[in-house]
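In: After the sequence you'll find the predicted model.
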Amino acid sequence: MPAAFLHGVEVVESTSGPVPIQIIKSSVIGLVGRAPMWAAAGAVPLWNPKEALTVGMQRIDTNGNLQQVTIAGVTGTVAPVWLTVLYGLTAADGTAAWQMVETKAQLALTNSPTLVASEQAAAAFGPLVQGYGIPYALAAILEQGAGQVIVVNVFDQIAHSTAIAAAAFAFPVAPALQKINLGHMGVSNVVVTDSGGLTTYTAGLDYSIDYVNGIITQLSGGAILAGASVKIAFSYADPTKVTAANIVGAFTAGVYTGIQALLTTFQTMGFFAQLFIAPGFSDQQTVAAALDAMAQKLGGYALVDSSPNTAIAAALANRGTVGQAFNTSSKRTILCYPQELFYDTGIVPTGVTIDSYGNPVQELANQNNDSPYSQWVAGMIAAVDAEFGYWYSPSNHQVEGIVGPDVSIYSSILDPACDTNNLNAAGIVTIFNAYATGMRVWGNRSAAFPSKTSMDVFIPVRRVMDAVEESVELAMLQFIDQPTSNALITAILQSVNGFILSLVQRGALVAGAASYNPADNPSATVVNGQLVFELDITPPPPLERITWNTNLDTAPLGTLGTTTAAQAA
């Protein structure tokens, strides 16, 4: 504001006119599922009873917070009353004591959206372990060559574990191999006693625990003798304990979980996911509905799977079967069928063995196994966006890493009665494989087809509309609360029309324009601080069908021999 009186010169700056509009991140994938965080490099074990610890060692307490030893000693037989104040007083535990150094939220092991855009970042969610879909999905997505993924892991080793009652084990007779294999990975709450259950041994003094591989090793100088018989009780990480309700999530006591946690990413990352997947769970109707609801809210697509080995006839029938994930006509859902075979190199969590040197050996699956198609389709959409643009359909692009569908599919671009055509005609995106084509995503339409036939049932058309609408909406923040005037209206229109023109030049739109109609803005509306604009856009539909009208033309037959006769003359 100018000074009330000035004997001199001043400069008053003002900003007006159009502003640039940035396009949103159109292909960020929101992935919700299970991850073996306990097997990731540097993972901290859960608190264990009767364990000798030194100062500085860390464990995750029974509340999910990170505790650090402040007084060396042996933990008690039951968990202490944990303190929940960072770096506050210490909590006594047997002869040891703890101080909390990180909260469960800060650890970000569960229900904490995390951005992954590389194999290095994906490693934080652990290796490929059967039963845990997140590492598999990340591998499938990144194998397509591009993609940013917001990952929400719902697997909680404290809540999702199975307890094994004390059972008899014996250390081997051979003195060099004093090890016991518990038969499960991701162990916790290990208690080792003598065979009569009268003496409880101390971890770290009498034996050591390989928490990842589930191996107990007798320690020299401890109270356990070589070849001794013992009883061992323990718990192991059990991914089957994760339910559809865990995946769907909720908002409880100020905390978002599961799919609902994806609502929080704009505040922390500056963008939302646009493609929503829950591999291994999205064939369940409740999860499919939750994914679709998130897509409706954030303006994206839910990718929903069929169950493994679903026959083609069953997949088509499920389009009209109550309670099936495929029974939807949502423009926000992409139906992915069938599941795909891939060469699984993941760890078998019950297959760890001990070699002749006493080292744990993890068993790898090394065979073809099923995988949800949604993760491959999501990865392909991201790859196509990166290479061509979000206005391109993912259909007819080769998928990397797939061996083939888990059911036999007849593919053809010539036969309208083929399986791929019947599936597409029912609004199902499938896989196409013909001679020398490779495995290709096949299908352009959302689950809204054939119930709806408007142009936005085309997946790329809907995605262009979403990208344009959200980009324009977000750009309006800088105009909100400015004084309403002709200059403001002009600036808004120039900004949006400049943006639309750039999309037309790039091929994302065939045409488009923003306009302001005074008839839509009576004084009663304007006086309330409201303006209404029109946005007309025409995305390019994908070329789905090419028709050649072939005519059998016999007229040239009448000219046969005329050239030869003329040459002979």
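Out: Nice, I can see it.

In: So what's the gap between the longest helix along the chain and the chain middle?
Out: When every helix of the chain is counted residue by residue (DSSP state H), the longest turns out to be helix 486-506. Centroid separation for helix 486-506 versus its chain: 35 Å, with CA atoms, centre = their mean, to the nearest Å.

In: neighbouring contacts of that helix?
Out: The contact list for helix 486-506, computed with CB atoms under 8 Å, 6 or more residues apart in numbering, reads 16-21, 389, 468, 471-472, 475-476, 479, 482, 509-516, 531, 533, 535, 537. (Glycine included, C-beta is placed from N, CA and C.)

In: C-terminal to that helix, which secondary structure element comes first?
Out: The first helix or strand that comes after helix 486-506 along the chain, using DSSP states H and E, is strand 511-515.

In: Domain-wise, how is the protein divided?
Out: If you go by automatic domain parsing, the domain ranges for the chain are 22-40+126-154+248-475, 52-107, 161-237, 476-538.

In: give me the low-pLDDT residue ranges for the stretch 451-569 of the chain?
Out: Counting by pLDDT under 70, the stretch 451-569 of the chain contains low-confidence ranges at 563-569.

In: Strands of that one, start to end?
Out: For the stretch 451-569 of the chain, the strands defined by DSSP state E, counting those that start in this stretch occupy 511-515, 534-538.

In: want to throw these into CSV with distance to residue 49 and mean neighbour count?
Out: CSV is the format used below for these (distance: least, CB to CB, whole Å; neighbours: other CB atoms under 10 Å):
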stretch, distance to residue 49, mean neighbour count
strand 511-515, 66, 16
strand 534-538, 64, 14
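
In: Report the buried residues of the longest helix of the chain.
Out: Across helix 486-506, burial judged by 16 or more other CB atoms under 10 Å covers 489, 491, 492, 493, 495, 496, 497, 499, 500, 503.

In: would you turn these into JSON lines with distance to residue 39?
Out: Shown next, in JSON lines, are the buried residues of helix 486-506 (distance: CB to CB, whole Å):
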{"residue": "489", "distance to residue 39": "58"}
{"residue": "491", "distance to residue 39": "55"}
{"residue": "492", "distance to residue 39": "52"}
{"residue": "493", "distance to residue 39": "55"}
{"residue": "495", "distance to residue 39": "50"}
{"residue": "496", "distance to residue 39": "50"}
{"residue": "497", "distance to residue 39": "53"}
{"residue": "499", "distance to residue 39": "46"}
{"residue": "500", "distance to residue 39": "49"}
{"residue": "503", "distance to residue 39": "45"}
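
In: Can you say which of the strands of the stretch 451-569 of the chain is nearest to residue 277?
Out: Residue 277 lies closest, by CB to CB, to one member of the strands of the stretch 451-569 of the chain: strand 534-538, at 27.5 Å.

In: Measure how that closest one sits relative to helix 486-506, angle-wise.
Out: Angle, strand 534-538 to helix 486-506, by axes from the mean of the first three to the mean of the last three CA atoms, to 10 degrees: 10 degrees.

In: partner strands of strand 534-538, parallel or antiparallel?
Out: When pairing is defined by DSSP bridges, strand 534-538 lines up against strand 511-515 (antiparallel).

In: hang on, the earlier thing: pick the one among the buried residues of helix 486-506 closest to residue 449.
Out: Checking these against residue 449 by CB to CB gives residue 503 as the nearest, at 24.9 Å.

In: Just the buried residues from the contacts of helix 486-506, in ChimeraX please.
Out: Remark: buried members of the contacts of helix 486-506, expressed as a ChimeraX selection using 16+ other CB under 10 Å:
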select :19,21,389,468,471,472,475,509,512,514,533,537
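
In: what comes up buried for stretch 349-366?
Out: For stretch 349-366, a neighbour-count test (16+ other CB under 10 Å) marks 349, 352, 354, 360, 362, 365 as buried.

In: so residue 328 sits right up against residue 451, yeah?
Out: No: in this structure, residue 328 is not within contact of residue 451 by CB atoms under 8 Å, at 9.3 Å.

In: Neighbour count: the two, which is higher?
Out: Between residue 328 and residue 451, residue 328 has the larger neighbour count (other CB atoms under 10 Å), namely 22 against 13.

In: residue ranges with poor pLDDT in the chain?
Out: Within the chain, the ranges that satisfy pLDDT under 70 run 1-4, 7-8, 10-17, 19-24, 563-569.

In: And the residue nearest the centre of it?
Out: The chain has residue 31 as the residue nearest its centroid, 1.3 Å off, counting by CA atoms, centre = their mean.

In: Next up, the contacts around it.
Out: Contacts of residue 31 (CB under 8 Å, 6+ apart): 134, 137-138, 141, 149-152, 277-279, 375, 378.
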